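Chemist: Curious how this folds, go ahead:
(one chain, ligands or ions: 3)
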Amino acid sequence: MIELAEEKSGEFQAQFVFEKDPKIAAWGREIERAFSGAYRKSFYVPGDRKSVLLVGCGDGAALEILKVRELAAFAARTLKELGIGRCCLDIGPLTERLGEASLIQIVLGLMLGTYEYQARCGEPGQDSRIHPAEWKNPGQEQQVCYQLYGAGAGRESRELVDEARELARDLMFVRDMVNTPGNLLRPMDFCRAIQQYLKDTRVEAEVISYEQLKFLGLSGLSGIGGSSEFPPCLLVLRYRGRPGAQENIGLIGKGVTCDTGGYCLKAAKSMAGIKGDMAGAAAVAGAVHGAAARGLKVNLTAVLPLCENRISPSSHLPGDVIFCGGKTVEIVNTDAEGRLILADAISYGIEKEKITHVLDIATLTGAVWQALGYTIGGSMSDDEAFYRMFERGLASCGERYLRFPFGEEHEKMIKSDVADLKNVGEDCCGVITAGLFLRHFAKGLPWIHLDIAGTAWNKTPLYAFDSKGATGAGALSLYYFLKEAEGLL
Ligand code: BES
Ligand code: MN
Ligand code: ZN
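Modeler: Ligands and ions are numbered 1, 2, ... in the order given. Modelled structure (predicted):
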């Protein structure tokens, strides 16, 4: 729990301290010898009536938002290790240097710093899938109760704290979904979990069933999803925060709850993490929740194709030609399934839901991971004003994307001899050809594409606010983009 306090009270206090702070010398020789205020170094001063944890912030140079989040997460972890259940935290030193932006980062760091996925497994002989009601309050209960005081913790900061708490919860929901094993989160489980999570908001949900998908001719999604005993669906979420306006932002997220590759089966060592191939859809769900909970003044429609990609007698085979998203597509590789289900979802959004802007997000290519690794996502766009809005939002959340260029030479790579398009390009340019494939279905509307295949997941967390496994990548980028779009789109 996190609340604002007028002044410090209680037995335990934590204090952010910069290097060369004259206070350090004033605390006496012993502390001065043990604690210099260096970045991410702490010193605990136990006492009879009050104990203080000093958290070093470094010299303050290049202290950007991620470093503030990191310091708060580091403090949270240290307090948890010390077994402290309630702590008063002086945030003044940070807010004085970085302004109100740092308050959001502090709350995010405190809440995410001690996040851990609660591992679950199925009971033998029972339905091992988890009832979605469990996801009402994602993440574990906050164990430490924080009272923030000092400069920047006045009553006027109430709204910022509420917003940050909301975002932290949304991120924990995204991480929980992505961390959940594939056998416990089938497409329909995922669909129900999202609906459950959105229950208290003004978001309207509609589920297009497998039968309907076949009837409607969404054959990318029904064909791939039909490879599994656990059926696919299309989840549509509508939120109208700006009822009078024509604009309707389409958020399209890839939701493959398990990607074996199909007949172009993945090698055993590439199978690690295949349960996380729904991180795009999870990020969209988190951002939609955030937007609705905070009442952002935007209209948006999320279209989430949810399915598994497996081997079955009916699975696609290389060489098959399907009609998908209004075009014929030659399937060259059954492991390039994401773009097929996204093509259907984008087309559905434009035709049936009248979206006016397209933003798709997906764990789409291994190539983006090879190019940029775990910390930077890939992006593409064909609309400068739309992309600038997205980019402005990034400054508030610290996520990074490299925008890939594209041209006619890349278009040629996905031309097919037997269909309008093929689902794989050449040996090079894997990020670009995957993105360009999707652009064909955006029908000239302003389009942004985000490839989070590298950033959705980490093996070794880089920061204290990260945990092993799911990162929640994309959710904050989308939320802050929607905030930038308020009143404009
Ligand atoms: N979901 C994968 C992409 C992926 C790879 C995500 C590694 C996370 C880690 C996607 O469906 C896929 O298999 N893409 C293929 C495309 C190729 C066949 C053109 C890939 O990147 O290898
Ligand atoms: Mn695949
Ligand atoms: Zn995939």
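Chemist: Ligand 3 contacts on the stretch 201-350 of the chain?
Modeler: Counting by C-beta under 5 Å from the ion, the stretch 201-350 of the chain comes close to ligand 3 at Val256, Asp259, Asp277, Gly338. C-betas here are computed from N, CA, C, even on glycine.
Chemist: Give me the distance between Ala395 and ligand 2.
Modeler: Going from Ala395 to ligand 2 by C-beta to the ion, to the nearest Å gives 32 Å.
Chemist: how close does that residue sit to Glu486?
Modeler: Look at Ala395 and Glu486: by C-beta to C-beta, to the nearest Å, they are 16 Å apart.
Chemist: before we move on, what about His440?
Modeler: In terms of C-beta to C-beta, His440 sits 30 Å off from Glu486.
Chemist: Between those two, which has more neighbouring residues?
Modeler: Neighbours were counted for His440 and for Glu486 using other C-beta atoms under 10 Å; His440 has more, 19 against 13.
Chemist: The more buried one and Leu421 touch, don't they?
Modeler: Yes. The criterion here is C-beta atoms under 8 Å, and His440 meets it with Leu421 at 6.2 Å.
Chemist: what do those two both touch?
Modeler: Common contact partners of His440 and Leu421 (C-beta atoms under 8 Å, 6 or more residues apart in numbering): Lys327.
Chemist: Phi first, then psi, for Ala285.
Modeler: phi -60, psi -40 (degrees, to the nearest 10).
Chemist: Would you check how far apart it and Ile350 are?
Modeler: Ala285 is 21 Å from Ile350, by C-beta to C-beta.
Chemist: So for these two, which residue has more residues nearby?
Modeler: Using other C-beta under 10 Å, the more surrounded residue of Ala285 and Ile350 is Ala285, with 31 against 21.
Chemist: can you pull the contacts of the residue in the chain positioned nearest to ligand 3?
Modeler: When scored by C-beta to the ion, the chain has Asp259 as its residue closest to ligand 3, at 3.7 Å. The neighbours of Asp259, taking C-beta under 8 Å, 6+ apart as the test, are Lys266, Ile274, Asp277, Glu308, Asn309, Asp335, Glu337, Gly338.
Chemist: Columns secondary structure, neighbour count and distance to Arg40 on top of those, output as JSON lines?
Modeler: Formatted as JSON lines, the contacts of Asp259 follow (DSSP: H, G, I helix; E, B strand; the rest coil; neighbours: other C-beta atoms under 10 Å; distance: C-beta to C-beta, whole Å):
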{"residue": "Lys266", "secondary structure": "coil", "neighbour count": "16", "distance to Arg40": "38"}
{"residue": "Ile274", "secondary structure": "helix", "neighbour count": "18", "distance to Arg40": "34"}
{"residue": "Asp277", "secondary structure": "coil", "neighbour count": "28", "distance to Arg40": "34"}
{"residue": "Glu308", "secondary structure": "strand", "neighbour count": "27", "distance to Arg40": "41"}
{"residue": "Asn309", "secondary structure": "strand", "neighbour count": "28", "distance to Arg40": "41"}
{"residue": "Asp335", "secondary structure": "coil", "neighbour count": "20", "distance to Arg40": "41"}
{"residue": "Glu337", "secondary structure": "coil", "neighbour count": "29", "distance to Arg40": "42"}
{"residue": "Gly338", "secondary structure": "helix", "neighbour count": "29", "distance to Arg40": "38"}
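Chemist: now those as JSON lines including distance to Gly10 and pLDDT?
Modeler: Formatted as JSON lines, the contacts of Asp259 follow (distance: C-beta to C-beta, whole Å; pLDDT from 0 to 100):
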{"residue": "Lys266", "distance to Gly10": "53", "pLDDT": "98"}
{"residue": "Ile274", "distance to Gly10": "47", "pLDDT": "96"}
{"residue": "Asp277", "distance to Gly10": "45", "pLDDT": "98"}
{"residue": "Glu308", "distance to Gly10": "50", "pLDDT": "98"}
{"residue": "Asn309", "distance to Gly10": "53", "pLDDT": "98"}
{"residue": "Asp335", "distance to Gly10": "55", "pLDDT": "98"}
{"residue": "Glu337", "distance to Gly10": "54", "pLDDT": "98"}
{"residue": "Gly338", "distance to Gly10": "50", "pLDDT": "98"}
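Chemist: I'd like these as JSON lines, with distance to ligand 2 appended.
Modeler: What follows is the contacts of Asp259, written out as JSON lines (distance: C-beta to the ion, whole Å):
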{"residue": "Lys266", "distance to ligand 2": "7"}
{"residue": "Ile274", "distance to ligand 2": "8"}
{"residue": "Asp277", "distance to ligand 2": "7"}
{"residue": "Glu308", "distance to ligand 2": "11"}
{"residue": "Asn309", "distance to ligand 2": "6"}
{"residue": "Asp335", "distance to ligand 2": "4"}
{"residue": "Glu337", "distance to ligand 2": "5"}
{"residue": "Gly338", "distance to ligand 2": "6"}
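Chemist: and the residues you listed near ligand 1, which?
Modeler: By C-beta under 6 Å from any ligand atom, the members of the contacts of Asp259 lying near ligand 1 are Asp277, Asp335, Glu337, Gly338.
Chemist: Which pair in those residues has the greatest spatial separation?
Modeler: Pairwise distances across the ones next to ligand 1 among the contacts of Asp259 peak at 10.6 Å for Asp277 and Asp335 (criterion: C-beta to C-beta).
Chemist: any residues in contact with both of these two?
Modeler: With C-beta under 8 Å, 6+ apart, Asp277 and Asp335 have common neighbours Asp259, Asn309.
Chemist: mind giving me the domain split of this structure?
Modeler: Listed by automatic domain parsing, the domain ranges of the chain are 2-114, 180-485.
Chemist: Tell me the residues of the stretch 201-350 of the chain that contact ligand 2?
Modeler: Residues of the stretch 201-350 of the chain lying near ligand 2 (C-beta under 5 Å from the ion): Asp259, Asp335, Glu337.
Chemist: one more time with 8 Å
Modeler: Contact residues (C-beta under 8 Å from the ion) of the stretch 201-350 of the chain with ligand 2: Val256, Asp259, Gly261, Gly262, Lys266, Asp277, Asn309, Thr334, Asp335, Ala336, Glu337, Gly338.
Chemist: Confirm that the first one sits in a helix.
Modeler: By that I understand Val256. No. Using DSSP: H, G, I helix; E, B strand; the rest coil, the secondary structure at Val256 is strand, not a helix.
Chemist: Distance-wise, check the nearest residue to it once chain neighbours are set aside relative to Trp457.
Modeler: Among residues not flanking Val256 along the chain, Asp277 sits closest, at 3.9 Å (C-beta to C-beta, 6 or more residues apart in numbering). Asp277 sits at a distance of 10 Å from Trp457 (criterion: C-beta to C-beta).
Chemist: Now stretch 156-175: buried residues?
Modeler: Buried residues in stretch 156-175, counting neighbours by 16 or more other C-beta atoms under 10 Å, are found at 157, 160-161, 163-175.
Chemist: Adjacent strands (with direction) for the strand or helix carrying Leu148?
Modeler: Assessed by DSSP states H and E, Leu148 sits inside strand 145-149. Its sheet considered, strand 145-149 pairs with strand 2-4 (parallel), strand 86-90 (parallel) by DSSP bridges.
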